[in-house]
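>>> I would like to see how this sequence folds:
(3 chains)
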Amino acid sequence: MDLGQHAAFIIAAYAITLLVLVGLILWVLVDYRAQRRMLDELESHSPRRH
Amino acid sequence: MPLADLANPHRFQKLARVLIPAFAVLAAILIAAGLVLGFRAPADYQQGEMVRVMYIHVPSAWLSLGAYTVMAIAALGTLVWRHPLADVAGKAAAQIGAAFCFLCLVTGSLWGRPTWGAYWDWDPRLTSVLVLFLLYLGVLALLRAIEDPNRAGRAAAILALVGFVNVPIVKFSVDWWASIHQQASVMRLDGPTIHSSMLTPLLISAAGFLALFLALHLAAMRNELLRRRVRTLRILAAVSAEGR
Amino acid sequence: MTATFLAVVARDLKLALRVGGGAGIGVIFFLAIVTIVPFAVGPDLPLLARIGAAVLWIGALLASLLGLDRIFAGDHEDGSLDLLLLAPAPLELIGVAKATAHWIATGLPLVIIAPLLGLMLGVDPKALMAVSLTLLVGTPAVTFLGLIAAALSVALPRGGLLSAVLILPLAIPLLIFGVAATNAVVAGEIPFGTPFRLLCAISLFFLVLGPAAAAAALRHVRE
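The predicted model follows:
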C-alpha cells in the first residue's frame, strides 16, 4: 500500500490515535479493577448495617 | 420515570455490564470496516493519500463537539432536573471528550503540515477548537479542585453551560469567517458534497467512533459511581472509628 | 538533614499532585496565554514567530507565579509551619526543599510543554530548543524568588496578587537574558552563550538569595 510522499504524517496520525484510544481503554479498565478492589476490601471489613 | 430508575446503582451496573461490551464490539467492527473501505477508496485528486487521515480526524472532531453537548445536557440535568446520575455523566463526558478534542487537534495538525505547510495556523476553525479544548481542560481542572463530588459536579456544570456557546461557533466558523480549513462537506443543508466512495467509509468510521465513545462513557460512569461509593464507605469508616 | 530535605520535598509534591493541589493548572494557564496572544495581535504568522520567544517567556513567567503564595500559606493555615520552624534542618534548607517541590510540580511541566506551544506560534525550530533551555534555567530562579514573596505574604489574605507584584520586577533580568539568548539562536548576531551564561549566573544568584531572604522574612514576619 503506497501511502505517497507524506506517508510519515499519515502513520504518525494513526499511531497517535491508536495510542490515545488504547490509553483511554486501559485507563477505564485499570480504574475499574482498582475501584472494585477497594470496594470489596471496604465492604468486607465494615459490618453490614440495615 | 425510566431515567430515574437508572439512578439506582445496581440497575445501572446491570445495564452497563451488557451495554459496554456490546458497544465495544460494535465499535471494533465498524471502525475496522470503515478503515478498510477507506483505504480501498481512490486517493483524493487534490490531497493524494493525506485524505486517509480524514477517517480519524473528522470523527474525532464530531465527537469533541458531541461530547461537549452531552456534557452540557448533563449540566442541565444536574442543575435543573437534579437527576442523580447527571453529574457523573457530565464528568465522564468531559474526560473522554477532552481526549477526542486533543486527537482532533493533533491529527488535524499532522494533516495540515504537508497540505498547508504549517503544523498550526491561527484561523477561526483551528482556534475555536483550541478554545474548546481549553474549556474542556477548565472543566476538568475545576472537577479536580473541589473535593466533594456533588459540589464539584454543580460547579463544573455551570462552567460547561457557559462554555457551550463555543460549540456552534466551532461548527459555523468556517462559514462565518474566511478560513484555511475546509468548508463543511458533510453536515450541510444541501446534503454532503464528498464522493460516496469516501463518504461511506467516513460515516461507518464515525459510527464506530460513536460506539466507542458510548462504551468508554458508560465505563467511565460506572467507575465514577464505584469511586463515590468507595469514598462514602471510607468516610463512614473514619467516622465510626472516631466514635469508638 | 538530607532526610528532612527529602521528606519535605516528597510531602509537598504529594500535596501538589492531590485534589485541589494545583499541579497541572500552570500548564493550562500557559496554554491559555499562548492562545489569547493571537486574538490580541492578529493571526499574523510572521509577527507571531518573531515575538514567539517573548510570548513563551512571559507565559511561563506568569504561569510560574500561580500558586507561589501557597508555598507557605497552606502550612501556615494548618499549623505545619510552626513544626517546620522546629525541624532539625535550618529554615533556609526547608525553603530550598519547598521551592524544589513547587518547581517540579509547577515549573518543570511548563518547560516540557514550551516547545509544543512554540510550534503553535511558529517559532523557528532551532529556537525551540533554546527556549526550553533558557526556561529550564530560568524557571527555578523564578520559583526561588517567589519563596521570598511567599514568606513575606504568608499571613495576608490577598497574598497571591502581592507575590506576583513583588516578583515581577526582580524577574526582569531573567526575562531579558532568556529572550536574548533565544533570539541569538535565530538572528545569529551574538553567540547563544553570552546571554545564556549571564542568565545562568543570575539564576544561581537567586537560587541562593531566595531561601536566605525567605528564611529571614519568616523569622521576622511571624513574630
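>>> Distance check, C:Leu48 against B:Gly108.
According to C-beta to C-beta, to the nearest Å, C:Leu48 and B:Gly108 sit 19 Å apart. Yep, even glycine has a C-beta here, placed from its N, CA and C like the rest.
>>> now chain B, which segments are flagged as low pLDDT?
By pLDDT under 70, the low-scoring segments of chain B are B:1-7, B:45, B:178-180, B:183-185, B:187-191, B:243-244.
>>> give me that answer again for 80
Scanning chain B for pLDDT under 80 picks out B:1-9, B:41-49, B:173-197, B:241-244.
>>> For it, which residues are neighbours of chain C?
B:118-123, B:127, B:130-131, B:134, B:137-138, B:141, B:144-147 (C-beta under 8 Å from any C-beta of the partner chain).
>>> Buried subset of those residues, written for ChimeraX?
With 16 or more other C-beta atoms under 10 Å in any protein chain shown as the criterion, this ChimeraX line picks the buried residues out of the residues of chain B next to chain C:
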select /B:119,120,121,122,123,127,130,131,134,137,138,141,144,146
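>>> on contacts alone, who are the packing partners of the one helix or strand C:Met129 maps to?
Assigned by DSSP states H and E, C:Met129 belongs to helix C:125-152. With contacts taken as 3 or more C-beta pairs under 8 Å, 6 or more residues apart in numbering or on different chains; DSSP states H and E, helix C:125-152 sits against helix C:45-65, helix C:70-78, helix C:91-102, helix C:108-121, helix C:159-187, helix C:193-221.
>>> anything in the worst-scoring helix or strand of chain C on mean pLDDT near chain B?
Ranked by mean pLDDT, DSSP states H and E, the weakest helix or strand in chain C is helix C:70-78, scoring a mean of 79. No: Helix C:70-78 stays out of contact with chain B when judged by C-beta under 8 Å from any C-beta, the minimum separation being 12.6 Å.
>>> what pLDDT, on average, does the helix or strand following that helix get?
As assigned by DSSP H and E, the chain's next helix or strand after helix C:70-78 is helix C:80-85. If you average the pLDDT over helix C:80-85, you get 81.
>>> Which stretches in chain B count as helices?
Secondary structure of chain B (DSSP state H): helices at B:2-5, B:9-40, B:54-76, B:86-116, B:124-145, B:149-163, B:166-176, B:196-243.
>>> Now distance to C:Pro191 too, for the ones you listed, in CSV please.
Below are these laid out as CSV (distance: least, C-beta to C-beta, whole Å):
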stretch, distance to C:Pro191
helix B:2-5, 68
helix B:9-40, 50
helix B:54-76, 43
helix B:86-116, 31
helix B:124-145, 36
helix B:149-163, 47
helix B:166-176, 44
helix B:196-243, 51
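>>> Chain A against chain B: which residues are in contact?
A:1-7, A:9-10, A:12-14, A:16-17, A:20-21, A:23-25, A:28-29, A:31-32, A:35-36, A:38-39, A:42-43, A:45-46.
>>> List only buried entries from those.
A:3, A:6, A:9-10, A:12-14, A:16-17, A:20-21, A:24, A:28, A:31-32, A:35, A:38, A:42.
>>> Now go through those residues and say which are in helices.
A:9-10, A:12-14, A:16-17, A:20-21, A:24, A:28, A:31-32, A:35, A:38, A:42.
>>> what sits against C:Val55?
C:33-34, C:37, C:48, C:121 (C-beta atoms under 8 Å, 6 or more residues apart in numbering or on different chains).
>>> Report pLDDT for it.
94.
>>> next one: the one 3 residues further on
The predicted local distance difference test score for C:Ile58 is 94.
>>> gap between it and C:Leu133?
17 Å.
>>> Compute the number of surrounding residues for the residue in chain C that chain A sits nearest to.
Per C-beta to the nearest C-beta, C:Leu116 is where chain C lies closest to chain A, at 13.1 Å. Neighbourhood size, C:Leu116 [other C-beta atoms under 10 Å in any protein chain shown]: 13.
>>> surely B:Arg125 meets B:Val170?
Yes: applying C-beta atoms under 8 Å, one finds B:Arg125 in contact with B:Val170, separated by 7.1 Å.
>>> that older thread, can you tell me which of the helices and strands packed on helix C:125-152 the model trusts least?
helix C:70-78 (a mean of 79).
>>> Without its sequence neighbours, what residue ends up closest to B:Ile29?
Closest residue in space to B:Ile29, ignoring its immediate chain neighbours: B:Gly208 at 7.3 Å, by C-beta to C-beta, 6 or more residues apart in numbering or on different chains.
>>> My guess is the one you found contacts B:Gly34. True?
Yes: here B:Gly208 reaches B:Gly34: they are 5.6 Å apart, a contact under C-beta under 8 Å.
>>> how close does the residue of chain B found nearest chain C get to B:Ala72?
At 3.6 Å from chain C, B:Trp122 is the closest residue in chain B, using C-beta to the nearest C-beta. Using C-beta to C-beta, B:Trp122 is found at 26 Å from B:Ala72.
>>> swap in C:Leu45?
Taking C-beta to C-beta, one finds C:Leu45 at 33 Å from B:Ala72.
>>> which of the two has more neighbours?
Each of C:Leu45 and B:Ala72 has its neighbours counted (other C-beta under 10 Å); B:Ala72 has more, 19 against 15.
>>> Roughly how far does the closest residue to that one other than its chain neighbours sit from chain A?
Residue nearest to B:Ala72 in three dimensions, not counting chain neighbours: B:Phe164, with 4.5 Å by C-beta to C-beta, 6+ apart. From B:Phe164 across to chain A, the span is 23 Å (C-beta to the nearest C-beta, to the nearest Å).
>>> For the residue nearest to C:Leu136 when sequence neighbours are not counted, grab the count of nearby residues.
Leaving aside its sequence neighbours, C:Leu136 sits nearest to C:Val111 (C-beta to C-beta, 6+ apart; 5.0 Å). By other C-beta under 10 Å, the residues close to C:Val111 number 20.
>>> ok so, going back, just send the helices and strands packed on helix C:125-152 back as a markdown table, with distance to C:Gly26 too.
Below are the helices and strands packed on helix C:125-152 laid out as a markdown table (distance: least, C-beta to C-beta, whole Å):
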| stretch | distance to C:Gly26 |
| --- | --- |
| helix C:45-65 | 4 |
| helix C:70-78 | 12 |
| helix C:91-102 | 10 |
| helix C:108-121 | 6 |
| helix C:159-187 | 13 |
| helix C:193-221 | 19 |
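>>> and of those helices, who's closest to C:Gly24?
helix C:108-121 (6.8 Å; C-beta to C-beta).
>>> For that closest one, buried residues please.
C:108-111, C:113-115, C:117-121.
>>> same for it, what does it pack against?
Using 3+ C-beta pairs under 8 Å, 6+ apart: helix C:108-121 touches helix C:25-41, helix C:45-65, helix C:125-152.
>>> Make JSON lines out of those and add distance to C:Ile71.
Formatted as JSON lines, the helices and strands packed on helix C:108-121 follow (distance: least, C-beta to C-beta, whole Å):
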{"stretch": "helix C:25-41", "distance to C:Ile71": "14"}
{"stretch": "helix C:45-65", "distance to C:Ile71": "11"}
{"stretch": "helix C:125-152", "distance to C:Ile71": "4"}
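>>> looking at the ones you listed, which is buried most?
helix C:125-152 (a mean of 24; mean count of other C-beta atoms under 10 Å in any protein chain shown).
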